[in-house]
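> Below are the sequence and a predicted model; questions follow.
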Amino acid sequence: MADAIQRVTTGTGDPAWLVTGYRTVRSLLTDDRLGRTHPRPESASRFSRSAAFDQPRAASDTERADHRRLRRTFTRSLSASRMRALQPRVTQLVEDRLAALERAERPADFHGVVSQPLPAMVICELLGVPDRHREQLVAWSGQAASRDGGERAREAYVRLCRYMAVLAARRGGPDDAADLLSALVREHTERAAGLAAELFLAGHLTTSTAIDKALVLLLSRPDRLAGLPPEEHLGTLVEELMRLPFPGGGRDTARLLPRYANTGLTIAGQPVDGGELVLLAVDEANLDPREFSCPADLDPARSPNPHLGFGHGPFSCVGAPLARLELRVLLGLLATRFPGLALAVPVGRLRPRTDLISGGLWELPVTW
Ligand code: HEM
């Protein structure tokens, strides 16, 4: 696999550059000449029709400083020590979901009972969203994350933002110190509702897809969950599950991180003009044989594992500690409660959600 750059057309029919190859993708993720804003967003290439994630933001003089300030709020609220404190609550939520799975008729839909609701429950907990509103928010964010966008998707995104605005209006007092929405209100007042909506989308759809993918990868192996490493090594396994793409997934569902050139630059020998869209192919980079030996194999003990599944550099995933916690707790409890868990249909019959920007599955039938 050479470090390559090629001309492609996005799903919206706009021109873009697609970059593959681990070294180049990784170095571009920290390159200041690429960013997520554009001087004229309305004329920039779009990377999807989705209502929530489709085109660059407007460039501004304060964008870097604003972004750094925002990350400080996120990283404080989602720090490793906060995650340690959250672990008992996440464990409780996982146990509740596994009890629901136990009660379900076999074959049961793991996606519907566990992968889909669990991350939404966790992010609702962090934002202080009442449990009775969760299903409505999940429905809106599912519509907002549709690749095709359209009026319905835009309306769903607006409703999600309006809901967060109502919730935000009740926050910001000193008593709310520990809650993430309160921190957003205190430190980013005007933008708090939009940020909370983005966080809700970013935090639950991605994690739900990651849980489905982890299950499919593990249950496709001959020893399935019986071969899971002991608890203290589950973190290493989680990194490997984050590195690998969905089995059988094509470029349609592959993870592409969009960037815009702030200035003209040369990538792998190809001149790229300022303002052009550059798509960084994370899944292909994570399978680069020059970086990962036997890259297509699931090696539960792979270390080091500098995968790009959570991105890299200034925009890398601030929710990674939370996603890692959810996966680790879930896999640990699954191995003890459901050691005989198996896919109820062949992998080839699982239906991918090509309609969502977050990918994932329509359902994941399992038995035990
Ligand atoms: C396994 C689950 C997850 C995956 C695979 C994932 C993946 C990613 C990736 C690849 C990026 C970088 C995007 C880029 O460079 O353009 C990112 C950014 C982000 N993620 Fe995640 N994420 C996950 C879970 C979460 C969770 C649970 C949260 C929130 C609690 C979250 C919040 C965010 C935010 C706010 C950003 C933007 C950071 C910034 O702009 O500086 N993510 N995520």
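Thanks, I have the structure now. Numbering: from 1, shown residues only.
> The stretch 201-350 of the chain: helices as residue ranges?
234-243, 282-285, 320-337 (DSSP state H, counting those that start in this stretch).
> Which of these sits closest to the ligand?
helix 320-337 (3.6 Å; Cβ to the nearest ligand atom). All C-beta spots, glycine's among them, are computed from the backbone N, C-alpha and C.
> model confidence over that closest one, on average?
Here helix 320-337 scores 97 as its mean pLDDT.
> Could you do stretch 38-55 as well?
83.
> what about it, how long is it end to end?
End-to-end distance for stretch 38-55, by Cα to Cα, to the nearest Å: 9 Å.
> buried sites along it?
Residues of stretch 38-55 classed as buried: 38, 44-55 (neighbour count, 16 or more other Cβ atoms under 10 Å).
> Could I get the helices of the stretch 201-350 of the chain in JSON lines, plus columns for distance to the ligand and mean neighbour count?
As requested, the helices of the stretch 201-350 of the chain are exported to JSON lines (distance: least, Cβ to the nearest ligand atom, whole Å; neighbours: other Cβ atoms under 10 Å):
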{"stretch": "helix 234-243", "distance to the ligand": "6", "mean neighbour count": "20"}
{"stretch": "helix 282-285", "distance to the ligand": "6", "mean neighbour count": "24"}
{"stretch": "helix 320-337", "distance to the ligand": "4", "mean neighbour count": "20"}
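> what about the strands in the stretch 151-300 of the chain?
256-261, 265-267, 270-272, 277-281 (DSSP state E, counting those that start in this stretch).
> next one: the stretch 1-150 of the chain
4-9, 15-20, 34-35, 37-38, 57-58, 108-109.
> In contact with residue 58, which residues are there?
37, 38, 39, 41 (Cβ atoms under 8 Å, 6 or more residues apart in numbering).
> hang on, residue 284 packs against residue 19?
No: contact criterion Cβ atoms under 8 Å: residue 284 and residue 19 do not qualify, at 9.0 Å.
> what's the distance between the spatially most central residue of the chain and residue 363?
The centroid of the chain falls nearest to residue 206 when counting by Cα atoms, centre = their mean (3.1 Å). Per Cβ to Cβ, to the nearest Å, residue 206 is found 18 Å from residue 363.
> Nearest to the ligand within the stretch 201-350 of the chain, name that residue for me.
Counting by Cβ to the nearest ligand atom, the stretch 201-350 of the chain gets nearest to the ligand through residue 319 (2.0 Å).
> how close does that residue get to residue 185?
Distance from residue 319 to residue 185, by Cβ to Cβ: 19 Å.
> what's the answer for residue 236, then?
38 Å.
> One more: residue 213?
34 Å.
> now do residue 244
38 Å.
> residues touching residue 70, list them.
Counting by Cβ under 8 Å, 6+ apart, the residues that residue 70 touches are 188, 195.
> returning to that earlier point: okay if I get the helices of the stretch 201-350 of the chain as a markdown table plus distance to residue 127?
A markdown table is the format used below for those (distance: least, Cβ to Cβ, whole Å):
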| stretch | distance to residue 127 |
| --- | --- |
| helix 234-243 | 24 |
| helix 282-285 | 27 |
| helix 320-337 | 12 |
